[in-house]
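Participant: how would this look folded up:
(one chain, ligands or ions: 2)
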Amino acid sequence: MWRGGSNTRTCKRRFFSSPTRSRHHRPPYICRLHSRGSQHLKAMAEVDHLAAERATARFDVEEMKVAWAGSRHAVHVADRMARLVASDPVFRKDNRTMLSRKELFKDTLRKAAHAWKRIVELRLTEEEADLLRQYVDQPGYVDLHWGMFVPAIKGQGTEEQQHKWLPLAYKFQIIGCYAQTELGHGSNVQGLETTATFDPKTDEFVIHSPTLTSSKWWPGGLGKASTHAVVYARLITEGKDYGIHGFIVQLRSLEDHSPLPGVTLGDIGGKFGSGAYNSMDNGVLRFDHVRIPRDQMLMRLSQVTREGKYVHSNVPKQLLYGTMVYVRQSIVADASKALSRAVCIAVRYSAVRKQFGSQDGGPETQVLNYKTQQSRLFPLLASAYAFRFVGDWLNWLYTDVTQKLEAKDFSTLQEAHACTAGLKAVTTSVTADAIEECRKLCGGHGYLNSSGLPELFAVYVPACTYEGDNVVLLLQVARILMKTVSQLASGKQPVGTMAYMGKVQYLMQCKSAVSSAEDWLNPDAIQEAFEARALRMAVNCAQNISQAASQEEAAGFYERSPDLLEAAVAHIQLIIVTKFIEKVHQEIPGHGVKEQLQALCNVYALYILHKHLGDFLATGCITPRQGALANEQLGKLYAQVRPNAVALVDAFNYTDHYLGSVLGRYDGDVYPALYEEAWKDPLNETVVPEGYHEYLRPLIKQQQLKLSRL
Ligand SMILES: CCCCC/C=C\C/C=C\C/C=C\CC/C=C/C(=O)SCCNC(=O)CCNC(=O)[C@H](O)C(C)(C)COP(=O)(O)OP(=O)(O)OC[C@H]1O[C@@H](n2cnc3c(N)ncnc32)[C@H](O)[C@@H]1OP(=O)(O)O
Ligand SMILES: Cc1cc2nc3c(=O)[nH]c(=O)nc-3n(C[C@H](O)[C@H](O)[C@H](O)COP(=O)(O)OP(=O)(O)OC[C@H]3O[C@@H](n4cnc5c(N)ncnc54)[C@H](O)[C@@H]3O)c2cc1C
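Facilitator: Ligands and ions are numbered 1, 2, ... in the order given. You can find the predicted model right below:
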C-alpha cells in the first residue's frame, strides 16, 4: 500500500510519522543529517576544506579586498549590505529555479517591496541601497526604474520636469521603465515608428502606434509593474517629422493599476533558462491615440512651443542617447561582478575536486593542478580583475564627460561613446562565454542548477544584446577608428584612448625587441605590441576601404565590416591592457598585493596575445618566435598564480548567499551540500512519482504480462 497507493504523500510527512520506515527508504546521508539536525550542519560548516589552499597564499587577502573594492570604506559597506541580505529569509533564492513564472514574478515583487522597506527603515544611503539591491540579485522592475527611468528624466528633462517627476519616482509614488525598442526595430533607433504628434488645439501630444511593428517590445518592468514610461517616439509638429524624442507617458491607473484608455500592454512571454531573467516582466505596449500634456515631452535638448514650433537647443543630437551611454558604463562595471562570481565558483570547486593520479593509493590530483584547467581558468580570473579596473576607469571617464557636458564642452562625447560602446561589447561577450566555460570547468556538477552557473549564464547572456547588440556597438567603434585614421593625414592629433594612433610613423614599422620569455614581463613591450597591432589593423581596414575606389565609402565599410569588427576588438583590448598596466603602476598597499596584480595583468595581456596570435603575426608586430616566448611566459605565470588562486577569489568577498552555488561554498564542503540539495527538488517530494499509475505501472505490467505468456 505504501509503495503503490500514496504517491502524493511527501517524504517529509512520512519521515515524521514513520521514522523507521522512512530511514529505510531515504538515502542514508540525508537521514544522518536530519537526525543530527542543525548542530551537525553547524559543525560541518566549521570545517574549512580549503584551508590548505588559503595557507599557500603569498599576499594579504584583506588588502586585496580593498584593491578590488576600491577603498576600505567600499569593502566595509559591501560587507554589511551582503550580510544584511544573506541573513534575511525574504531574500532566500536557493529555490528560485523551481518556481513557476507567476510565483517567481510575485517573489520578485515581494523582494523589491521588502528591500525598499529595509532601505527606508534603516535609512540607507544611496550607495548602501544600490548595494543592497545588487545582493538581492534578482532582476526586476526596480532595475529599470532606478537604472533607466530616473536617469532618462535626469539627463533629458528640464529643471522643472525633474522637479516635478523625480520626487515621485524617488518615493515610488510612480514606477517607471524605459520604452524604446519596438517589435520591428531595436538596434536602429532612428527606425522607430511610434509617433508623438503635437495638437496645438489642445496643447497635447498624441502618442500612437501606427503599425504592429511599432509596438514597444522588450522594455523591462513594462509588462506588469510600471505605472509610467519614458517612451521614445517620432516627434511630429506642423506636419514635419523631427525624429526620435523622449516623452513621459502614464500607462496604468495609480488607483487600481489598470491600463489607461488607449493603452494596451502585457508581458512578452517566457525567456531563456529556468528562473533567471524570467523574474523580469519585459513588456509589450501599444498606444491608440493617447493624449499627454505638451510638458511631458522631455525638453532639455529640444522643445516644442505652445504654438507648435520646434526648437532645438545648441547641443549635439546624440545627447538623446545619454541614458544608453550611462547604462553601458554600468554594464561594464557589472561584467566584472558576474565574471568574478563564475570564476570564484570554478576556482574553489577545482581546488576541491580530485580526479586520477592515485594508482599507488595516494591522494588523487586536485583538478586545479592540471595545466589545462589552469590555462582555461586563470585567464578568466585575470579578466575579472582587468574588467574591474577598466570599469572603475570608465566610471571616472563618464563622470568627467558629464561634468564637461554641463559646462557645454562636447569635445569628449565621441570618446565617451566609443569607450562605453566598445567596452560594453567586449566585456559582456567575454563574460558570457566565460560563465559557460566555468560551467564546463566544473564538469558534470556545473550543469546542475545548484552550481549556480546555469542561472548566472541565463541571466547574464542577454547583456550581449540589450543596451545595444555587441556587433552593432563594435561597428560604432570601428567607424570612429576609421574617422581617426583618415584625420591622421591632415596632422590632427588624436586624443584620449585614441592618442596612441598619433605615433603612427613609429607604430607602423616598429619591431618588438623581446628576445626571452622574461622580456614579456616588461609592460612597455606589451604596450607596444598591443598598440602596433591595433593601429595596423585599423590602418589596414582604412586602406582596404579606400582601395575599393569604385565603391562609396559606406559600401566599402559594409564590405569590410568583419575585419572592422576585429580592429575594434583589438582597440578595446588595448584599452583594457593599458588601464590594467596603469593600475599596477599605482601605489598599492598590502603585502604582496601589487605583485599578484602584476602577475594577473601579465596573464591577461599574454593570454590575449596568445589567443589572437594571428593578428599579431599577420600585422608583423611580433615574430612567431616571440609569440612562442609569450606562451612560455604565460605557463610560468600560471604556476605563479596557482598557490594564490583560492585567495584571489576570496578577495572578491562574496557571501555564500550571493554566490548561490553549492560548488563555490567558502568552506569547500561541496559533496554533502550537493547531496542535500538534490533532495530539495520537487521530484523528490514523493518517492513514487506522479504519473506512475498512469504511465509507468501499465507499461511495466503490460511487459510482465507479455513475458508471462511466453
Ligand atoms: C549578474 C547579473 C548582472 C546583470 C546586469 C546588471 C545590471 C546592468 C544594468 C542595467 C541593465 C538592466 C537591464 C537591461 C535593460 C536594457 C535596456 C535596453 O536595452 S534600452 C534599448 C537600448 N538600445 C540600444 O542600445 C540601441 C542601439 N542603437 C543605437 O544606439 C543607435 O541606433 C546607433 C547604433 C548608435 C546608431 O545611431 P544613429 O543615430 O542611427 O546614427 P549613426 O550611427 O549614424 O551615428 C550618428 C553619430 O552619432 C554618434 N553617436 C551614436 N551614438 C552615440 C552616443 N550614444 N553618444 C554619442 N555619440 C553617439 C556616432 O558616432 C555618429 O557620429 P558622427 O556623425 O560619425 O560623428
Ligand atoms: C533581456 C532584454 C532586456 C531588454 N530591455 C529593454 C528595455 O528595458 N528597454 C528597451 O527599450 N529595450 C530593451 N531591450 C531591447 C534591446 O535593447 C534590443 O533587443 C537590442 O538593442 C538589440 O536590438 P534588436 O533586438 O533590434 O536586434 P537586431 O538589430 O534585430 O539584431 C539581430 C542581428 O542583426 C545584427 N545586426 C543588426 N544591425 C546590424 C548592422 N548594422 N550591421 C551588422 N549586423 C547588424 C545583430 O548583430 C544581430 O546579430 C531588451 C532586450 C533584452 C534581450
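Participant: Run a quick neighbour tally on the residue in the stretch 101-250 of the chain positioned nearest to ligand 2.
Facilitator: Closest residue of the stretch 101-250 of the chain to ligand 2, C-beta to the nearest ligand atom: Gly186 (2.4 Å). Bear in mind the C-beta positions are built from the backbone N, C-alpha and C, glycine included. Neighbourhood size, Gly186 [other C-beta atoms under 10 Å]: 18.
Participant: From what I see, it and Lys216 are in contact.
Facilitator: No - at 10.6 Å, Gly186 does not count as touching Lys216 under the criterion of C-beta atoms under 8 Å.
Participant: Now list whatever residues contact both of these two.
Facilitator: By C-beta atoms under 8 Å, 6 or more residues apart in numbering, Gly186 and Lys216 have these common neighbours: Gln180.
Participant: picking up where we left off before, what separates the residue of the stretch 101-250 of the chain closest to ligand 2 from ligand 1, distance-wise?
Facilitator: 6 Å (C-beta to the nearest ligand atom, to the nearest Å).
Participant: and that residue, what does it touch?
Facilitator: Residues in contact with Gly186 (C-beta under 8 Å, 6+ apart) are 180, 218, 469.
Participant: Over to Gln414. Which of the three states is it?
Facilitator: Here Gln414 is recorded as helix under DSSP: H, G, I helix; E, B strand; the rest coil.
Participant: My guess is it contacts Ile480. True?
Facilitator: Yes - counting by C-beta under 8 Å, Gln414 does reach Ile480; the two are 6.1 Å apart.
Participant: per the record, what domains does the chain have?
Facilitator: Following automatic domain parsing, one gets these domains for the chain: 1-46+658-687, 171-315, 322-495+518-649.
Participant: Identify, out of these, the most deeply packed stretch.
Facilitator: domain 322-495+518-649 (a mean of 20; mean count of other C-beta atoms under 10 Å).
Participant: Can you check the distance spanned by that one, start to finish?
Facilitator: Distance between the two ends of domain 322-495+518-649: 35 Å, counting by C-alpha to C-alpha, to the nearest Å.
Participant: same check, this time on stretch 510-528
Facilitator: In stretch 510-528, first residue to last residue: 9 Å (C-alpha to C-alpha).
Participant: Over to stretch 60-80?
Facilitator: 21 Å.
Participant: can you give me how far that stretch is from the chain middle?
Facilitator: Stretch 60-80 sits 21 Å away from the centroid of its parent chain (C-alpha atoms, centre = their mean, to the nearest Å).
Participant: Name the residues of that stretch that are buried.
Facilitator: Buried residues in stretch 60-80, counted by 16 or more other C-beta atoms under 10 Å: 60-61, 63-69, 74-75, 77-78.
Participant: residues from the stretch 301-450 of the chain in reach of ligand 1?
Facilitator: 318, 321, 324-325, 327, 330-331, 334, 337-338, 413, 417 (C-beta under 6 Å from any ligand atom).
Participant: which residues in this structure form strands?
Facilitator: For the chain, the strands defined by DSSP state E occupy 176-179, 195-199, 204-208, 216-217, 228-237, 240-250, 263-267, 283-287, 290-293, 302-304, 310-312, 354-355, 365-366.
Participant: so what secondary structure elements neighbour the last one?
Facilitator: The reference is to strand 365-366. Counting contacts by 3 or more C-beta pairs under 8 Å, 6 or more residues apart in numbering; DSSP states H and E, strand 365-366 packs against helix 322-352, strand 354-355.
Participant: Against which helices or strands is the shortest one packed?
Facilitator: So the one you mean is strand 354-355. So strand 354-355, by 3+ C-beta pairs under 8 Å, 6+ apart, packs with strand 365-366.
Participant: what lines up beside the strand it packs on in the sheet?
Facilitator: Strand 365-366 sits in its sheet next to strand 354-355 (antiparallel), going by DSSP bridges.
Participant: So what's the gap between the strand it pairs with and the chain middle?
Facilitator: On C-alpha atoms, centre = their mean, the centre of strand 354-355 falls 31 Å from that of its chain.
Participant: Compute the first-to-last residue distance for stretch 191-208.
Facilitator: End-to-end distance for stretch 191-208, by C-alpha to C-alpha: 15 Å.
Participant: Need the contact partners of it.
Facilitator: Outside stretch 191-208, the residues within contact range by C-beta under 8 Å, 6+ apart are 180, 182, 184-185, 209-211, 213-214, 216, 231-238, 244-245, 247, 249, 287-294, 296-297, 304, 306-308.
Participant: so who does the closest residue in space to Gln296 that isn't next to it in sequence touch?
Facilitator: Computed as C-beta to C-beta, 6 or more residues apart in numbering, the closest residue to Gln296 that is not its neighbour in sequence is Ile248, at 4.5 Å. Neighbouring residues of Ile248 by C-beta under 8 Å, 6+ apart: 153, 157, 161, 165, 176, 228-231, 292, 296, 298.
Participant: Mind doing that once more with 7 Å?
Facilitator: Under the criterion of C-beta atoms under 7 Å, 6 or more residues apart in numbering, the neighbours of Ile248 are 165, 228, 230, 296, 298.
Participant: Pretty sure the fourth one sits against Phe247.
Facilitator: Looking back up the chat, that one is Gln296. Yes - between Gln296 and Phe247 there is a contact under C-beta atoms under 7 Å: 5.7 Å.
Participant: I'd like the distance from the longest helix anywhere in the chain to the chain centre, please.
Facilitator: The helix that spans the most residues within the chain, counting by DSSP state H, is helix 371-406. Chain-centre distance of helix 371-406: 12 Å, with C-alpha atoms, centre = their mean.
Participant: Would you mind pulling up the elements that that helix packs against?
Facilitator: If you count contacts as 3 or more C-beta pairs under 7 Å, 6 or more residues apart in numbering; DSSP states H and E, helix 371-406 packs onto helix 322-352, helix 413-441, helix 561-585, helix 593-611, helix 624-641.
Participant: what is the mean pLDDT for that helix?
Facilitator: For helix 371-406, mean pLDDT rounds to 97.
Participant: Next, the angle helix 593-611 makes with it.
Facilitator: Relative orientation of helix 371-406 versus helix 593-611 (axes from the mean of the first three to the mean of the last three C-alpha atoms, to 10 degrees): 100 degrees.
Participant: Need the nearest residue in space to Gly627, chain neighbours excluded.
Facilitator: Nearest to Gly627 is Leu613, by C-beta to C-beta, 6+ apart, at 4.9 Å.
Participant: ok, now Cys621?
Facilitator: Spatially, and ignoring its direct neighbours in sequence, Cys621 is nearest to Ala532 (4.2 Å; C-beta to C-beta, 6+ apart).
Participant: distance of that neighbour from ligand 2?
Facilitator: Ala532 sits 28 Å away from ligand 2, going by C-beta to the nearest ligand atom.
Participant: Show the contacting residues for that residue.
Facilitator: 507, 510, 619, 621.
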